[in-house]
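J.: Next come a sequence and a model predicted from it.
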Amino acid sequence: MPVATNLVELRRELALANRIVAHEGVIDAFGHVSVRHPDNPNRYFLSRSRAPELVEPEDFIEYDLDSVPVRTPSHSQYSERVIHGEIYKARPDVNSVCHHHCAAFMPLLATGSDYIPVFHLGAVGGIAPPYWDQQDEFGDTNMLVIKPEEGASLARALADKWLVLMKRHGVTVAGTSIKDCVFRCVYSARNAAYQVQAMTIGQHVASLSPGETRLAGDIGGTTTGVTRSWEYWTMRVAKAGNAVEAAKPAKVKPAKAKPAAKKIGKPSGKPKAKVAAKKKTAGRRR
């Protein structure tokens, strides 16, 4: 699938990712999407603290994997940035992370019910992805993941999976790219909604088999599914009047023309002294 080829385009794609997950109902005022630096795996980009639907390409702060800004930012930062840094630190294969509190997942998180794929695109979340309960290791907290040790604990719970469910809190999703991460976010949320609706019927909810889940989970990487979905979501954001402007090439100021060098050659006309002498002589004759 196409990927951003430079940092300008990468920032635009990441801004668009934040707006897409907001528009598709995965994220509201809270939550965030990040991306690993394509040229330095020990850095990542995450927006300054603002609602995802408003994120601009200029909002991104560059962090090291300890979630310390590379340069002192002029704006406030997300408090839960260690979620991203610690996952990038633990998983070299992960290049994008999203943390959200999607309403579709909340009934599962409140009851501790397993997520199961109930349709083929729901396979992006796997079968019964791991749960993480902050209280087990850290006791009573304000439920925010703000300490490096909390982020590292969450990353251990994620292990080699792509989703980790956070009891009474939300979900963290990992992806191999920005588009892959967004694809997993949207379709796992869609699956969670279908699963909860099916559970209300009161009958057994059928899950994809492990083999079906593995094969259906490959759809994103082996077909045009991710690219097609990204184009669709981009169009929906644009129709809503919230498109991100295309990256424009930097303006290069034309160099100022240097003044032409004076030519050095034979002096034109007669020497000044002789001219002056001739003028005096002409005056006497008059």
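T.: All right, it came through fine.
J.: hey, let's count contacts and neighbours off CA atoms from now on
T.: Will do.
J.: where does the protein have low pLDDT?
T.: The model of the chain has pLDDT under 70 over residues 1-5, 247-286.
J.: Strands along that one, start to end?
T.: For the chain, applying DSSP state E gives strands covering 32-36, 43-47, 60-64, 96-100, 131-132, 163-166, 170-175.
J.: Adding distance to Ala189, write these out as CSV.
T.: Converted to CSV, the strands of the chain look like this (distance: least, C-alpha to C-alpha, whole Å):
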stretch, distance to Ala189
strand 32-36, 15
strand 43-47, 22
strand 60-64, 26
strand 96-100, 10
strand 131-132, 16
strand 163-166, 11
strand 170-175, 10
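J.: Compile those into CSV and extend it with columns for mean neighbour count and distance to Arg236.
T.: Formatted as CSV, these follow (neighbours: other C-alpha atoms under 10 Å; distance: least, C-alpha to C-alpha, whole Å):
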stretch, mean neighbour count, distance to Arg236
strand 32-36, 28, 19
strand 43-47, 25, 22
strand 60-64, 21, 23
strand 96-100, 26, 20
strand 131-132, 20, 32
strand 163-166, 25, 25
strand 170-175, 24, 22
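J.: who wins for proximity to Glu150 among those strands?
T.: strand 131-132 (10.5 Å; C-alpha to C-alpha).
J.: Return the list of strands paired to that closest one, each annotated with direction.
T.: The pairing partners recorded for strand 131-132 under DSSP bridges are strand 163-166 (parallel).
J.: Show residues contacting the lengthiest helix in the chain.
T.: Scanning the chain for the helix with the most residues, using DSSP state H, yields helix 178-201. Applying C-alpha atoms under 8 Å, 6 or more residues apart in numbering, the contact partners of helix 178-201 are 13-14, 17, 20-21, 24, 26, 34-35, 95-98, 102, 104-105, 107-108, 115-119, 121-125, 173-175, 205, 220, 226-227, 229-230.
J.: How far does that helix sit from its chain's centre?
T.: 20 Å (C-alpha atoms, centre = their mean, to the nearest Å).
J.: what does stretch 20-34 give?
T.: Relative to its chain's centre, stretch 20-34 lies at 11 Å (C-alpha atoms, centre = their mean).
J.: and what of stretch 29-48?
T.: 6 Å.
J.: Same check on stretch 77-90?
T.: For stretch 77-90, the distance to the chain centre is 13 Å (C-alpha atoms, centre = their mean).
J.: returning to what we had before: let me know the angle separating the longest helix of the chain from strand 32-36.
T.: Helix 178-201 and strand 32-36 meet at an angle of 140 degrees, taking axes from the mean of the first three to the mean of the last three C-alpha atoms, to 10 degrees as the criterion.
J.: ranges for the helices of the protein?
T.: 7-23, 82-90, 106-111, 134-138, 148-158, 178-201, 210-217, 219-222, 225-239, 272-285.
J.: Would you mind listing the buried residues in the shortest one?
T.: So that's helix 219-222. Neighbour-count burial for helix 219-222 flags Ile219, Gly220 (criterion: 16 or more other C-alpha atoms under 10 Å).
J.: For beta bridges, what are the partners of Leu165?
T.: Tyr131, Val171.
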